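>>> requesting a structural model of the entry that follows:
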Amino acid sequence: MRVVADGMSQIREVSGGSGFGSQNMLPLHFGLAHATIIDSLIITFPVAHIPPLVYENLTPNQYYELPNIVIDIACTNVISPISLSDCESSIYPAVQIKNVGNVPAQNFRVSCDLCNGPSRTQIDSLSIGYLGVDDSLIVEFCSFVPPQCGRFYRIEGITKLIGDRHPHNDTAGAYFYSGYSHDLRCGPILSPEPETLILPIIPQVVISNQGVTTETGFPVGCNILLGDSLVSTQQLIYHSYLPPFSSDTVIFPQFQPVVSGIYDISLATLLADDRNRSNDSASILINVDLGSCSYVLGDVNNNGIRNAMDVVYAVNYFKGRSIPPYHCLCQHFGEIYVAGDVNGSCSFEGLDVTCMVNYYKGFAGMSPCPYCPPIEGIIILSHPNDNNKPSIQISK
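Below you'll find the model as predicted:
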């Protein structure tokens with residue numbers, strides 16, 4: 001401790017003790033003679049990170065008690081990176097520190113660490129020359145590129161000051177997601193399910209945004225192949241809005257297989273700017289067994305032709321006078337009388353007779369059970385007055 005008064009300078013030191021079992025007096029006494037004012041009182045600490053304390057224009061003949069020295073540099077918050085960051089671009093980390101102690105601090109360090117689970121890597125460490133009491137400072141570190149895309153990381157700023165009284169506030173951290181700028185994921189496929197296949201096929205798939213950009217107006221496609229042949233193209237269902245870390249279900253129009261076989265259903269997001277193509281598509285193989293239903297739709301009496309006599313035969317059947325000559329084992333429905341099911345309900349009942357009558361009157365069409373169509377394929381019959389579609393002319 002140094003006192004300057006009336007042109008004279010005096011120095012005293014505070015020491016815990018200089019002998020065995022003894023202790024020096026802690027108060028320091030300065031004789032100032034006839035000085036009427038103390039020009040300066042300078043307190044110097046034996047550590048490099050606390051600058052000298054200077055008091056000026058003090059009154060002599062007084063006891064002055066120094067406050068308890070609190071050394072405390074806090075790392076208050078992470079300024080950068082933000083919660084979402086492009087993993088293909090450099091990240092510039094920055095933290096804010098503040099001197100919350102009651103003495104200035106100098107010549108201390110602030111470091112920046114990148115944490116990934118239990119692993120920790122130091123990105124940078126900087127030396128701070130001086131920080132006054134209650135002063136704040138934003139510390140900017142060198143840039144880096146995250147080691148992997150599609151991961152959550154934690155960035156931490158750490159103050160390192162010898163003698164810091166409150167180490168609990170030395171660290172501030174924030175999690176951020178390092179992802180591609182544009183990254184849509186296709187999958188899982190919700191429908192169809194191979195174990196519980198229900199026809200017709202209605203493809204449904206979950207899409208999710210794993211990038212850091214909100215996507216708008218992007219297409220999702222669906223192709224259905226039988227062997228090497230493309231049997232259905234249902235592409236370009238546009239999805240209007242999908243923020244990061246959100247998902248949605250895309251439902252495509254139904255598809256009715258007309259032949260048995262193994263179908264390959266492929267679905268994909270079709271975002272032009274997608275930076276990660278490895279998760280853009282999903283596919284599934286399903287085995288469709290339509291049985292061996294060979295019949296003429298509406299040929300109730302099974303004589304190979306369709307005419308008004310089939311209506312008579314159907315009426316007699318429901319009156320108990322006719323025996324159905326042909327059953328077909330239909331997937332998911334068991335045995336049904338497929339030729340008589342003309343309204344597509346996968347059952348033979350009185351409404352089918354009404355549908356047949358309306359067909360021959362020219363009021364309605366006929367359609368087979370979609371789960372067990374004729375092996376020749378599905379033909380939906382319009383009424384006989386439509387010259388552009390198959391029909392049966394009735395002679396009176």
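>>> list the buried residues for the worst-scoring helix or strand of the chain on mean pLDDT?
Among the helices and strands of the chain, strand 328-330 carries the lowest confidence by mean pLDDT, DSSP states H and E, at a mean of 74. Residues of strand 328-330 classed as buried by neighbour count (16 or more other CB atoms under 10 Å): 328, 330. Quick note: C-beta positions are derived from backbone N, CA and C, even for glycine.
>>> repeat for stretch 301-321
301-302, 306-307, 310-311, 313-315, 317.
>>> next: stretch 80-88.
With burial defined by 16+ other CB under 10 Å, the residues of stretch 80-88 counted as buried are 80-81, 85-87.
>>> wait, isn't K98 in contact with D72?
No - with contacts defined as CB atoms under 8 Å, K98 does not count as touching D72, sitting 9.2 Å away.
>>> next step: the buried residues of stretch 301-321 restricted to helices.
Mapping those onto helices (DSSP state H) picks out 310-311, 313-315, 317.
>>> just to revisit the earlier point, among the buried residues of stretch 80-88, which two are most distant?
Across the buried residues of stretch 80-88, the longest distance by CB to CB is 15.1 Å; it joins S80 and C87.
>>> which non-adjacent residue is nearest the residue nearest the centre of the chain?
Nearest to the mean C-alpha position of the chain, by CA atoms, centre = their mean, lies F245 at 2.4 Å. Excluding the flanking residues, the one nearest F245 by CB to CB, 6 or more residues apart in numbering is N209, at 6.8 Å.
>>> residues in contact with that neighbour?
Applying CB atoms under 8 Å, 6 or more residues apart in numbering to N209 gives the contacts 183-185, 215, 242-247.
>>> at 7 Å what do you get?
184, 215, 242-246 (CB atoms under 7 Å, 6 or more residues apart in numbering).
>>> point out where this structure drops to low pLDDT.
234-235, 290-292, 325, 331-333, 375-396 (pLDDT under 70).
>>> ok, R165 touching N68?
No - R165 is beyond contact range of N68, at 9.5 Å (criterion: CB atoms under 7 Å).
>>> what's the local residue count around V231?
V231: 16 surrounding residues under other CB atoms under 10 Å.
>>> not counting sequence-adjacent ones, nearest residue to it?
The shortest distance from V231 to any non-neighbouring residue, by CB to CB, 6+ apart, is to I224 (5.5 Å).
>>> which stretch of helix or strand covers that neighbour?
According to DSSP states H and E, I224 maps onto strand 215-226.
>>> quick check: buried residues in that strand?
Of all the residues in strand 215-226, those buried under the rule 16+ other CB under 10 Å are 215, 218, 220-226.
>>> which pair in those spans the largest distance?
It's E215 and L226 that sit farthest apart of the buried residues of strand 215-226, by CB to CB, at 32.2 Å.
>>> surely S9 touches R2?
Yes - S9 is within contact range of R2, at 6.3 Å (criterion: CB under 7 Å).
>>> these two - which one has more neighbours?
Set side by side, S9 and R2 show more neighbours around R2, with 15 against 11, by other CB under 10 Å.
>>> and that one, what does it touch?
Taking CB under 7 Å, 6+ apart, we find R2 in contact with 9, 11, 42.
>>> just to revisit the earlier point, show me whatever sits in contact with both of S9 and R2.
Contacts common to S9 and R2, judged by CB under 7 Å, 6+ apart, are absent.
>>> and Q106, what does it touch?
49, 51, 129-130.
>>> make JSON lines out of the buried residues of strand 215-226 and add distance to I237.
Converted to JSON lines, the buried residues of strand 215-226 look like this (distance: CB to CB, whole Å):
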{"residue": "E215", "distance to I237": "14"}
{"residue": "F218", "distance to I237": "10"}
{"residue": "V220", "distance to I237": "5"}
{"residue": "G221", "distance to I237": "8"}
{"residue": "C222", "distance to I237": "8"}
{"residue": "N223", "distance to I237": "13"}
{"residue": "I224", "distance to I237": "14"}
{"residue": "L225", "distance to I237": "18"}
{"residue": "L226", "distance to I237": "22"}
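>>> how far does stretch 168-179 sit from its chain's centre?
Chain-centre distance of stretch 168-179: 20 Å, with CA atoms, centre = their mean, to the nearest Å.
>>> give me the contacts around it.
Against stretch 168-179 from outside (CB under 7 Å, 6+ apart): 74-78, 81-85, 87, 95, 146, 149-159, 164, 210-212.
>>> can I have the buried ones of the residues you listed as a ChimeraX selection?
Applied in ChimeraX, the following selects the buried portion of these according to 16+ other CB under 10 Å:
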select :74,75,78,81,85,87,95,146,149,150,153,155,156,157,158,159,164,210,211,212
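>>> tell me which of the contacts of stretch 168-179 fall in strands.
Of these, the ones assigned to strands by DSSP state E are 74-78, 84-85, 95, 151-159.
>>> from the contacts of N209, pick the one nearest N358.
Nearest to N358 among the contacts of N209 is L242, at 46.2 Å by CB to CB.
>>> tell me where the protein has helices.
According to DSSP H, the helices that the chain contains are 309-318, 350-360.
>>> which residue is the nearest non-sequential neighbour of Y238?
Using CB to CB, 6+ apart, the nearest residue to Y238 is P219, at 5.4 Å.
>>> isn't that neighbour right up against L270?
Yes - the pair P219 / L270 is scored as a contact, 4.4 Å apart, by CB under 7 Å.
>>> residues shared between the contacts of the two?
Counting by CB under 7 Å, 6+ apart, nothing touches both P219 and L270.
>>> could you break the chain into its assigned domains?
Following automatic domain parsing, one finds the domains of the chain at 2-58, 73-179, 184-288, 291-396.
>>> and Y64, which of those domains is closest to it?
domain 2-58 (6.9 Å).
>>> any idea how far S229 lies from Y263?
Relative to Y263, S229 is positioned 10 Å away (criterion: CB to CB, to the nearest Å).
>>> these two - which one has more neighbours?
Looking at S229 and Y263 with other CB under 10 Å, you find the greater number of neighbours at Y263, namely 22 against 8.
>>> what's near enough to touch I42?
With CB under 7 Å, 6+ apart, I42 has these contacts: 2, 52, 54.
>>> rerun that using 10 Å as the cut-off
The neighbourhood of I42, defined by CB atoms under 10 Å, 6 or more residues apart in numbering, consists of 1-4, 9, 11, 52-56.
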